[in-house]
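> Quick one, what's the 3D model for this:
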Amino acid sequence: MAILRITKYGEPILRQKLKPVNYADIAPKLPKLLADMEETCLAVHGVGLAANQIGLDYRLALILIPQSDEENAPLKRYVIINPVILSKRGEKLEEEGCLSLPGLWADVKRATDVTIKYIDENGVEQVKRARGLLAKAFQHEVDHLDGKLFVDLVDPKLKPEVKKAIKKLRSNWD
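The predicted structure is shown next:
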């Protein structure tokens, strides 16, 4: 396993809308790739990691969510390949961050309840309804795969402030 370099805001791959992948083509690479993605995500205390955040143009993301609210609860891993959000319900304004914009946090509106269709790491099509943190993570990672970042969802009145913060933070990014 290896900790991978995370692409940062401004790198072109983060703005690419990624095309669906053929599961059979990537299946042989998945065990190592997913182990590396998980190790990377855990090393930086992330909840999710999209393939384009590590420089790959696969429509694939990994999400690690605590199984309960208890401290040090075991994590549930979701691997979403070719995900599509089927429905969104509710709305909540919450603070959000991103591994590709380290140190930046901003309030964004997300649906509180989503239904998503995807292929799991075993090649099986899944349909999952999610609420709370998992719903937020699904939306965040699907946005990545669509070439969108959470800062795109910030209230337009706050965008100049967010741009200033990004400019200041960028000097600390590798």
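> The residue minimising distance to the centre of the chain and residue 165, how far apart?
In the chain, the centroid-proximal residue (Cα atoms, centre = their mean) is residue 141; its distance is 2.8 Å. According to Cβ to Cβ, to the nearest Å, residue 141 stands 23 Å off from residue 165. From N, CA and C alone the C-beta is placed, and that goes for glycine too.
> who does the longest strand anywhere in the chain touch, helix- and strand-wise?
Using DSSP state E, we find that the single longest strand of the chain is strand 75-89. If you count contacts as 3 or more Cβ pairs under 8 Å, 6 or more residues apart in numbering; DSSP states H and E, strand 75-89 packs onto helix 23-26, helix 30-43, strand 60-66, strand 113-119, helix 132-145.
> Enumerate the positions of the shortest one that are buried.
Using 16 or more other Cβ atoms under 10 Å as the test for burial, helix 23-26 gives 23, 26.
> mean confidence score for it?
For helix 23-26, mean pLDDT is 97.
> which ones are touching residue 125?
117, 118, 119 (Cβ atoms under 8 Å, 6 or more residues apart in numbering).
> Go through these and give me the one with the most neighbours.
residue 118 (22 neighbours; other Cβ atoms under 10 Å).
> What distance do you get for that one to residue 97?
Distance from residue 118 to residue 97, by Cβ to Cβ: 23 Å.
> before we move on, what about residue 27?
Residue 27 is 32 Å from residue 97, by Cβ to Cβ.
> Over to residue 53?
From residue 53 to residue 97 the distance is 13 Å (Cβ to Cβ).
> The two: who's more crowded?
The neighbour comparison of residue 53 against residue 97 (other Cβ under 10 Å) goes to residue 53, with 28 against 15.
> Just to check, that one is in contact with residue 100?
Yes: using Cβ atoms under 8 Å, residue 53 is in contact with residue 100, at 5.5 Å.
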